[in-house]
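> test case, fold it:
(chains A and B)
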Amino acid sequence: MRANLSIVVLAALSAFMMLGNACGDPVHDDLVSALGAENPKVPTGPLHRPGQPCMACHGGRGPAKSAFSMAGTVFALIDKTDPLSGVVVNLKDSVAYPDPNSKGIDTTTNAAGNFFLHSDEFTPAYPVHVKLSHPTAPAGAGKVMYSHVGRDGSCASCHHDPVGTESPGHIYFADDPSGLPPSQ
Amino acid sequence: MNMYSATIRSIVWWGLPALVVALFACASLGNSGCSAPDANARTVGKFPDPATFKPLADMMVARCGSLDCHGQQGRNLKIYGASGLRLAGGDEPNKAGPLFATVNEYAADYGSVCGLEPETLAAVIQDGGKNPERLTLVQKARNAQEHKGGAVIVRGDAQDRCMLSWLTGTIDAQSCQDALKLP
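From the prediction side, this is the model:
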């Protein structure tokens, strides 16, 4: 009956391999679950999960149904995580950037500091260049990202705390309160 | 039940386990048959002069080395530099604008680029940079070989000229510089 057994083992093995193929991408699943559960105090929507890599869930592979092309969070200061609303995030892709007549695309942060562009309103041709400004901030305030985004639409994939060899830290608008817009 | 299906049955019942055993036997035979590689063997070949590398490295840090591309620990071709992945603990991506890499980062980048296909690189250098498309580096950048980042280099553009010049032994620093202005 040894032969019988090896057939069963072989069949089980191939079934297992097929099962493996049919399942989702474990790397994606791990990424999503590492972000944890929703904060019960914040409704699942535009204000949720500030500072997290939005596209982990909104990148078209679920679990969120809505897909974004670029999204992130802007905080007020370098050393704090209070959000800043009303920040104009200017994005210029490789078509807009060299064109002196193109202003790129502007989007504004909400009360959580979050901004997001749905995939059907913006499909960037990478690389993308980023600039921050605010209509009521003191003159000269704002930030420019010198390097470009190569292909990841989640700002937080690169911008996360703590600062280290692989991250410049969270996105912030000013180094100290004198660079912030007067509080409304 | 005819002879034919009986034969199939016996192949299925006895043939498969036999095949598995045969495969194992074959694999272990292969292992014991190999001799260990010669510990003194070295790849002998000429690499590009490290002194010519800086303009190419600056170009690659800016154009290829963002944290979502080759500035990632998991990449085979890892690029270290000030606007992306830093080599030394305590260093962080530089927010003060263009500054390209530390001495150690240039050395690590040189190692990354040369270590990809050392024999092929040495052969291309030996031939004065002829047929550079022998290198995966050139193929991938042009997306002639499947490249996650797509065709980031177009044949003949400033980046292409920069990279190919390095392979001839005389770096075209102007083209490397021009490449930094690309979107």
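
> give me the most central residue, chain B.
In chain B, the residue lying closest to the centroid (Cα atoms, centre = their mean) is residue B:116, at 3.9 Å.

> do I have it right that that one meets residue B:138?
No: applying Cβ atoms under 8 Å, one finds residue B:116 not in contact with residue B:138, separated by 10.7 Å. For the C-beta atoms, the positions are set from N, CA and C on the backbone; glycine is no exception.

> what is in contact with the two at once?
Shared contacts of residue B:116 and residue B:138 (Cβ atoms under 8 Å, 6 or more residues apart in numbering or on different chains): none.

> could you list the low-pLDDT ranges of the chain?
No chain was given, so I picked chain A. Low-confidence segments of chain A (pLDDT under 70): A:1-23, A:184.

> sorry, should have said chain B
Where chain B drops to pLDDT under 70, the residues are B:1-34, B:42-44, B:97-98.

> returning to that earlier point: tell me the contacts of the residue nearest to the centre of chain B?
By Cβ under 8 Å, 6+ apart, the contact list for residue B:116 reads B:76-77, B:135-137.

> go again using 6 Å as the cut-off
Residue B:116 makes contacts with residue B:137, as judged by Cβ atoms under 6 Å, 6 or more residues apart in numbering or on different chains.

> cool, and the one 5 residues further on?
Shown here is residue B:121, whose contacts under the criterion Cβ under 6 Å, 6+ apart are residue B:114.

> do the one 4 residues further on as well
Contacts for residue B:125 (Cβ under 6 Å, 6+ apart) come out as B:46, B:48.

> which phi and psi does it have?
phi -60, psi -40 (degrees, to the nearest 10).

> for it, give its distance to residue B:79.
For residue B:125, the distance to residue B:79 equals 20 Å [Cβ to Cβ, to the nearest Å].

> please apply the same query to residue A:151.
For residue A:151 relative to residue B:79 (Cβ to Cβ), the value is 15 Å.

> please apply the same query to residue A:70.
23 Å.

> and for residue B:67?
Counting by Cβ to Cβ - residue B:67 and residue B:79 are separated by 10 Å.

> of the two, who's got more company?
Legend: neighbour count by other Cβ atoms under 10 Å in any protein chain shown for residue B:67 and residue B:79, higher for residue B:79 (25 against 22).

> wait, the more buried one sits on residue B:60?
Yes: counting by Cβ atoms under 6 Å, residue B:79 does reach residue B:60; the two are 5.4 Å apart.

> dig out what the residue nearest the centre of chain A forms beta bridges with.
Among the residues of chain A, the one closest to the centroid is residue A:154, at 2.2 Å (Cα atoms, centre = their mean). Legend: beta-bridge partners of residue A:154 under DSSP bridges are residue A:71.

> and the gap between it and residue B:67?
Distance from residue A:154 to residue B:67, counting by Cβ to Cβ: 11 Å.

> before we move on, what about residue A:24?
Plainly put, residue A:24 is 25 Å away from residue B:67 if you go by Cβ to Cβ.

> just residue A:171 next, same as before
In this view, residue A:171 and residue B:67 are 13 Å apart by Cβ to Cβ.

> can you check residue A:85 too?
According to Cβ to Cβ, residue A:85 and residue B:67 sit 27 Å apart.

> just the CA atoms of stretch A:70-80, as PDB, please.
Extracted in PDB, the C-alpha atoms of stretch A:70-80 (Å, rounded to 0.1, in the frame of the first residue of the first chain):
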ATOM      1  CA  MET A  70      -1.800  59.600  -5.000                       C
ATOM      2  CA  ALA A  71      -2.700  60.300  -1.300                       C
ATOM      3  CA  GLY A  72      -1.100  61.200   2.000                       C
ATOM      4  CA  THR A  73      -1.100  63.400   5.000                       C
ATOM      5  CA  VAL A  74       0.500  66.700   5.800                       C
ATOM      6  CA  PHE A  75       1.200  67.600   9.400                       C
ATOM      7  CA  ALA A  76       1.800  71.100  10.700                       C
ATOM      8  CA  LEU A  77       5.300  70.800  12.300                       C
ATOM      9  CA  ILE A  78       8.500  68.800  12.000                       C
ATOM     10  CA  ASP A  79       8.400  67.500  15.600                       C
ATOM     11  CA  LYS A  80       4.600  67.100  16.200                       C
END
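
> that stretch: which residues count as buried?
Within stretch A:70-80, the residues that qualify as buried are A:70-78, counting by 16 or more other Cβ atoms under 10 Å in any protein chain shown.
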